[in-house]
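Engineer: sequence unavailable; structure follows:
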Ligand SMILES: [Zn+2]
Ligand SMILES: [Zn+2]
C-alpha cells in the first residue's frame, strides 16, 4: 500500500522538489537514460547527472600488479611499474575504483571539505564495486579505514575513509575496525609536499593499539585517494610488523603521476 502511494505521489513530489546532481547541482533528468560507457555506473543515476557520470573514469587495464597504477599503453599486459620494481613497500597490492580526476575528484573534495556527507552513499557504492572487482571477500579478514588525527576528526566530524565502507561492510560480512589504528601525530597536508617529504611526514604518525588483532590476518586498509602511497605504506608497515599475513590497499580514487 505504501509503495503504491509512493508511486502515485512521486511525479508530484519530483515536480515540486526536483532532484539535483550532488556534484554540479543541475537538475537530474526525470527519465533516467542508460549510461552507456560502463553499465555498473547506472546505479549512480539518482545522485549524479549524466554529464557528471560521463566524467567518472574507472581504472582501466593494464595496471601495475602491485600499486595498481594504470599504464598509458592499453594493449600491454599487467606488469610492475618502475617504482614497484625497486620495491620498498609493505603492502601486497593497492587497487582503486577510478582515476582521481573529474567527478570523482570534485565529489571527494565536496565530501571532505564541504562536509557533503550525502555523497557517502554513491561514493561508498563505487568503493564496494572496487572491492568486489579486486578481492575475494572470503580471503579478507579485516578492513581498517586510515584514521584521521583526533583533532582533524573533531573539526570534520567524520572520517571519510570510514564513510566509504560503512554502508556495506556488514552486508559483505567482513569485520571492520576503526579503533586499532590511531593517528598519533598530526601531519602536514600532503598536497604541498614532495614524495620524499611525504614519506618523512608520515613516519611515526600512526600507532597500532592492539597488534594481536592483525596477527596472521589479511587486512585491507581503506583510504579515499592513493597519491604516492606514503600514508598507506606507513600504516601497512605497522600492520605487517605486527605479524599480519598480508596488507592490501583499497581506495576510491587513484592519482596518476605526471
Ligand atoms: Zn552533475
Ligand atoms: Zn607499481
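Structural biologist: That came in fine, so what should we check first? Computed from a predicted model, the values in this text were never measured in an experiment. Ligands and ions are numbered 1, 2, ... in the order given.
Engineer: helix, strand or coil for the residue lying closest to residue 83 once chain neighbours are set aside?
Structural biologist: Leaving aside its chain neighbours, residue 83 sits nearest to residue 67 (6.9 Å; criterion: Cβ to Cβ, 6 or more residues apart in numbering). (Each C-beta comes from the backbone N, C-alpha and C, glycine too.) With DSSP: H, G, I helix; E, B strand; the rest coil as the basis, residue 67 sits in coil.
Engineer: doesn't residue 229 make contact with residue 67?
Structural biologist: Yes: Residue 67 is within contact range of residue 229, at 6.2 Å (criterion: Cβ atoms under 8 Å).
Engineer: who's more crowded, these two?
Structural biologist: Legend: neighbour count by other Cβ atoms under 10 Å for residue 67 and residue 229, higher for residue 229 (27 against 23).
Engineer: which residues touch that one?
Structural biologist: Shown in contact with residue 229 (Cβ atoms under 8 Å, 6 or more residues apart in numbering): 67, 89, 91, 94, 249.
Engineer: with residue 51 instead?
Structural biologist: Contact analysis of residue 51 by Cβ under 8 Å, 6+ apart lists residue 24.
Engineer: buried set for the helix or strand of the chain with the lowest mean pLDDT?
Structural biologist: Here the helix or strand of the chain ranked lowest by mean pLDDT, DSSP states H and E is helix 2-16, holding a mean of 75. Residues of helix 2-16 classed as buried by neighbour count (16 or more other Cβ atoms under 10 Å): none.
Engineer: that older thread, can you list the contacts of residue 229 in CSV and add secondary structure?
Structural biologist: Listed next are the contacts of residue 229 as CSV, based on three-state DSSP:
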residue, secondary structure
67, coil
89, coil
91, coil
94, strand
249, strand
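Engineer: between these, which is nearest ligand 2?
Structural biologist: Nearest to ligand 2, judged by Cβ to the ion, of the contacts of residue 229 is residue 67 at 3.2 Å.
Engineer: with ligand 1 as the reference, measure out to the closest one.
Structural biologist: Distance, residue 67 to ligand 1, using Cβ to the ion, to the nearest Å: 30 Å.
Engineer: and the gap between that residue and residue 129?
Structural biologist: 19 Å (Cβ to Cβ, to the nearest Å).
Engineer: just residue 81 next, same as before
Structural biologist: Applying Cβ to Cβ, the value for residue 81 to residue 129 is 23 Å.
Engineer: cool, and residue 166?
Structural biologist: Per Cβ to Cβ, residue 166 is found 16 Å from residue 129.
Engineer: what do you get for residue 156?
Structural biologist: For residue 156, the distance to residue 129 (Cβ to Cβ) stands at 25 Å.
Engineer: looking at the two, which is more packed in?
Structural biologist: Of the pair residue 156 and residue 129, residue 129 is the one with more neighbours under other Cβ under 10 Å, namely 19 against 15.
Engineer: next one: the host helix or strand of that one to chain centre, how far?
Structural biologist: Using DSSP states H and E, the element containing residue 129 is helix 120-134. Its chain's average C-alpha position is 7 Å from that of helix 120-134, according to Cα atoms, centre = their mean, to the nearest Å.
Engineer: check whether that helix comes near ligand 1.
Structural biologist: No: on the criterion Cβ under 5 Å from the ion, helix 120-134 is out of touch with ligand 1, staying 11.6 Å away.
Engineer: beyond that helix, next helix or strand please.
Structural biologist: Next along the chain after helix 120-134, taking DSSP H and E as the criterion, comes strand 142-145.
Engineer: name the residues of the helix or strand following that following strand that are buried.
Structural biologist: For strand 142-145, the following helix or strand on the C-terminal side (DSSP H and E) is helix 150-156. Using 16+ other Cβ under 10 Å as the test for burial, helix 150-156 gives no buried residues.
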